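>>> predicted coordinates and the sequence they were generated for:
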Amino acid sequence: VANRPLTTQMRTEWRAQGGETVIWLGCTFGPGGKNDANDTAKKWAASVNLSNAYPISITLKPIWELIKKINADKGLQVEKYLTDKWEKDASSFNPTRFLKLTPLISKHANVQKMLDLIEKHDGFLHETRSKAQQWIDTWWAQTDYKRNENWRTAANEGLDMLESMTSKIRNGTETVEDFKSWCKDQKQICQERSTRHWGAGGHDSAESNKVQADKKKFVQSIIDLM
């Protein structure tokens, strides 16, 4: 086995609080029998007094326990006064009206199902956009250029809608009521866009109308989950 230089390092850290901590500066922490840490610890411990002690553990207790050590009767009076007051305050606090919290869409029980539907429809729209783009890039389909362009635009509009929908779900401030209202508006927009009649016999809007109709069904599925 080839000899290799030792690269391992070890660090020891000491901390002292209270007493005359400067005493530790005289400790050499030498190896083996030369380690004077124990002797230094004894010297430091002997330097601790009430004026320089440092609390390392604190227990909270009622103030009447302190008073009792000085005046037992006064301590009992303080104990009775405070315990009676706390009991009275507790019994008198009996609210009948509470702050009504507005439900957030991010906390909805079906939020994961919504996100799953969004992801699924996102895949469909990306595939649709890709198909439309392939036809746009095909030289022999130039006579249908406007039809395919409208098709691609419908897919892009849908992707923008999904991005906004996801943001509203995840932002943590959107209420269920507001989100549902927004979804209904999007559904109405899809409905209007799915009935367009572009080109001769509606030729230029045939594919885009199908995409808009599918988006309308998707939005309704999100609404149904609420």
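That came through fine. Numbers count the residues shown, from 1 in each chain.
>>> quick one, strands of this structure?
Per DSSP state E, the chain carries no strands over any range.
>>> show me what contacts the residue nearest in space to the middle of it?
Nearest to the geometric centre of the chain sits Gly172, at 8.6 Å (C-alpha atoms, centre = their mean). Applying C-beta atoms under 8 Å, 6 or more residues apart in numbering to Gly172 gives the contacts 104, 106. In short, each C-beta sits where N, CA and C put it, glycine included.
>>> can you do 6 Å?
Listed by C-beta atoms under 6 Å, 6 or more residues apart in numbering, the contact set of Gly172 reads Ser106.
>>> what stretches of the chain score poorly on pLDDT?
Along the chain, the parts satisfying pLDDT under 70 run over 1-7, 32-34.
>>> what about 80?
1-15, 29-35, 93-96, 141 (pLDDT under 80).
>>> once you drop chain neighbours, what's closest to Lys69?
Gly75 (7.7 Å; C-beta to C-beta, 6 or more residues apart in numbering).
>>> OK, contacts around that neighbour?
64, 67-68 are the contacts of Gly75 under C-beta under 6 Å, 6+ apart.
>>> sort out for me which of the residues you listed are in helices.
64, 67-68 (DSSP state H).
>>> just give me the closest of those residues to Leu162.
Nearest to Leu162, judged by C-beta to C-beta, of the ones in helices among the contacts of Gly75 is Trp64 at 64.3 Å.
>>> burial count for the closest residue in space to that closest one that isn't next to it in sequence?
Closest residue in space to Trp64, ignoring its immediate chain neighbours: Glu79 at 4.0 Å, by C-beta to C-beta, 6+ apart. Each residue near Glu79 was counted by other C-beta atoms under 10 Å, and the total is 16.
>>> what's the answer for the one 4 residues further on, then?
Other residues lying near Thr83 total 12 when counted by other C-beta under 10 Å.
>>> ditto for Cys27
18.
>>> so it touches Asp39, yeah?
No. With contact defined as C-beta atoms under 6 Å, Cys27 does not reach Asp39; the gap is 8.3 Å.
>>> circling back to that earlier point, could you export the contacts of Gly75 as JSON lines, including neighbour count and distance to Met165?
Output for those, formatted as JSON lines (neighbours: other C-beta atoms under 10 Å; distance: C-beta to C-beta, whole Å):
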{"residue": "Trp64", "neighbour count": "18", "distance to Met165": "60"}
{"residue": "Ile67", "neighbour count": "17", "distance to Met165": "63"}
{"residue": "Lys68", "neighbour count": "16", "distance to Met165": "65"}
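>>> just put those residues in JSON lines and tack on distance to Ala155.
JSON lines is the format used below for the contacts of Gly75 (distance: C-beta to C-beta, whole Å):
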{"residue": "Trp64", "distance to Ala155": "75"}
{"residue": "Ile67", "distance to Ala155": "78"}
{"residue": "Lys68", "distance to Ala155": "80"}
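>>> between those, which is nearest Lys146?
Distances from Lys146 to the contacts of Gly75, taken by C-beta to C-beta, are shortest for Trp64, at 88.1 Å.
>>> from Gln77, how far out is the closest one?
8 Å (C-beta to C-beta, to the nearest Å).
>>> try Ile169
Distance of Ile169 to Gln77, given as C-beta to C-beta: 59 Å.
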